[in-house]
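>>> here's a sequence, model it:
(one chain, ligands or ions: 1)
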Amino acid sequence: MATPNSSLQSHDKQETVDESYQKTYKKFDEILPTLPKDKGWFSEHLVQYQGFWLKPRALLGALLINDHFTNPQPSDIILSTSPKCGSTWLRALMFAIINRNTYDFETHPLLTTNPHDLVPFFEGYMRRDGSYSGRVDSLPSPWFLSSHLPHSLLPKSLTSTCRFVYICRDPKDVFVSKWHFMNNVRPKELPPISFEEAFDLFSRGVSHYGPIWDHALGYWKASRESPETVMFVKYEDVKKETSVYVRKLADFLGVPFSANEEEEGIVEKIVRLCSFENLSNLEVNKTVKTTKVRPSVSNSDFFRKGQVGDWVNHLTPEMAQRLDQITKDKFQGSGLSFDLQET
Ligand code: A3P
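Got it, this is the predicted structure:
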């Protein structure tokens with residue numbers, strides 16, 4: 001039986017854009033000029049759509065998914081995150097868990113392929129001209145996709161059928177991670193953004209797929225309503241007890257580790273394979289390799305420090321307090337919290 005994404009490349013084809021897709025593009029062209037705009041960090045601008053700040057291309061992706069991604073199956077899996085919360089790591093862990101009977105650890109695809117090239121980016125799958133990897137509805141099932149789209153922007157057919165894993169992270173570390181990422185990938189022709197200005201944008205929620213707090217709350221609520229279809233984890237917890245979470249992920253994904261696998265140490269092998277130390281030192285992830293899907297982002301841009309609490313080296317105490325206060329205010333009464341160090 002096919003496992004998710006084990007045969008991805010053979011389906012990576014171009015297709016023409018038919019009339020129903022043209023209707024979605026037309027809708028996008030009509031909506032776009034009506035939306036509030038703000039600064040785009042590393043793109044020209046972001047637009048605010050149904051409460052979230054998106055790159056125009058992400059909005060198009062969301063509309064295409066809503067119009068054309070039909071017939072999802074319970075075996076389909078979506079990894080959801082706000083940017084810089086650990087999607088690269090979870091992509092690797094989940095890919096390794098799901099496909100553990102397809103590949104051995106000595107010749108594993110993760111040793112030679114960046115995790116972003118093994119798990120397609122859902123809303124980036126379709127380009128307007130129909131180029132790159134084909135139509136959003138032509139993906140092979142079962143799917144294992146990664147997305148930054150907020151829960152509320154995904155179609156009900158999907159949220160009520162597929163399995164979601166959501167990873168969030170202390171917004172202070174997310175901001176610092178995003179700041180460094182932006183400086184690596186930002187096109188030279190855009191006017192620079194200072195650390196203070198970026199901080200102000202982030203705090204106001206003007207950040208790709210932001211506000212990060214509303215993004216997390218959407219998936220948090222969904223996970224409480226339907227824990228069997230939405231698994232909600234925190235970067236900090238996975239970092240602290242990676243093997244515990246590898247087992248939890250496998251259980252959630254319906255592929256628990258057998259007693260034999262436990263004896264063979266498969267969990268630990270997956271943890272080691274996907275560790276920051278291992279992945280970031282692989283030749284494929286050290287090189288400046290971009291792809292058609294992410295022309296300005298190289299493989300190495302997805303790996304920086306991989307630590308909890310690096311914000312302390314970058315934020316003033318006032319900045320840290322401001323983000324912590326927003327986090328407390330936004331999450332109040334939701335049952336969601338971060339183990340915030342006193343600032
Ligand atoms: P830092 O910038 O704090 O180092 P995303 O993958 O969602 O874009 O998030 C990127 C963040 O995850 C970066 O954080 C990156 O270093 C970290 N990261 C990447 N791979 C990791 C891994 N295998 N383990 C832990 N963290 C990882």
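>>> what's whichever helix or strand L201 is part of in contact with?
Element membership for L201, per DSSP states H and E: helix 195-203. The contact list for helix 195-203 (Cβ atoms under 8 Å, 6 or more residues apart in numbering) reads 38-39, 41, 171, 175, 178-179, 182, 193, 207, 210, 212, 314-315, 319, 322-323, 326. For glycine as for every other residue, the C-beta is placed from the backbone atoms N, C-alpha and C.
>>> next one: it to chain centre, how far?
21 Å (Cα atoms, centre = their mean, to the nearest Å).
>>> on that earlier part again, the contacts of helix 195-203 in strands, which ones?
D38, K39 (DSSP state E).
>>> if I pick R100, what's in contact with it?
By Cβ under 8 Å, 6+ apart, R100 lies in contact with V255, E261, I266, I270.
>>> how about the residues of the stretch 201-343 of the chain by the ligand?
Applying Cβ under 6 Å from any ligand atom, we find that the stretch 201-343 of the chain lies next to the ligand at C274, S275, F276, L279, F302, F303, R304, K305, G306, D310.
>>> could you list the buried residues of the host helix or strand of N278?
Assigned by DSSP H and E, N278 falls within helix 276-280. For helix 276-280, the neighbour count (16 or more other Cβ atoms under 10 Å) marks F276, L279, S280 as buried.
>>> helix or strand right after it?
helix 283-286.
>>> residue ranges with poor pLDDT in the stretch 201-343 of the chain?
290-293, 340-343 (pLDDT under 70).
>>> switch to 50 and redo it
343 (pLDDT under 50).
>>> which residues in it form strands?
Taking DSSP state E, counting those that start in this stretch, the strands of the stretch 201-343 of the chain run over residues 230-234.
>>> what ranges do the helices span in it?
Using DSSP state H, counting those that start in this stretch, the helices of the stretch 201-343 of the chain run over residues 212-225, 235-240, 242-252, 259-264, 266-273, 276-280, 283-286, 317-331.
>>> and the first one, what's buried?
Using 16+ other Cβ under 10 Å as the test for burial, helix 212-225 gives I212, W213, D214, H215, A216, L217, G218, Y219, W220, K221, A222, S223.
>>> ok, back up a step: could I get the contacts of R100 as a markdown table with neighbour count?
Shown next, in a markdown table, are the contacts of R100 (neighbours: other Cβ atoms under 10 Å):
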| residue | neighbour count |
| --- | --- |
| V255 | 16 |
| E261 | 17 |
| I266 | 20 |
| I270 | 28 |
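>>> need those in TSV with distance to P72, can you?
Formatted as TSV, the contacts of R100 follow (distance: Cβ to Cβ, whole Å):
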residue	distance to P72
V255	19
E261	29
I266	29
I270	26
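>>> which one of the residues you listed sits closest to L111?
The shortest approach to L111 among the contacts of R100 belongs to I270, at 12.9 Å (Cβ to Cβ).
>>> returning to that earlier point: which of the residues in the helix holding L201 are classified as buried?
Here helix 195-203 shows A198, F199, L201, F202, S203 as buried, counting by 16+ other Cβ under 10 Å.
>>> then it to PDB, C-alphas only?
Listed in PDB are the C-alpha atoms of helix 195-203, where the atom choice follows Å, rounded to 0.1, in the frame of the first residue of the first chain:
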ATOM      1  CA  PHE A 195      14.500  45.200  14.300                       C
ATOM      2  CA  GLU A 196      12.200  47.700  16.100                       C
ATOM      3  CA  GLU A 197       9.900  48.000  13.100                       C
ATOM      4  CA  ALA A 198       9.800  44.300  12.600                       C
ATOM      5  CA  PHE A 199       9.000  43.900  16.300                       C
ATOM      6  CA  ASP A 200       6.100  46.400  16.100                       C
ATOM      7  CA  LEU A 201       4.700  44.600  13.000                       C
ATOM      8  CA  PHE A 202       4.900  41.200  14.700                       C
ATOM      9  CA  SER A 203       3.300  42.500  17.900                       C
END
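>>> right, I'll leave it there.
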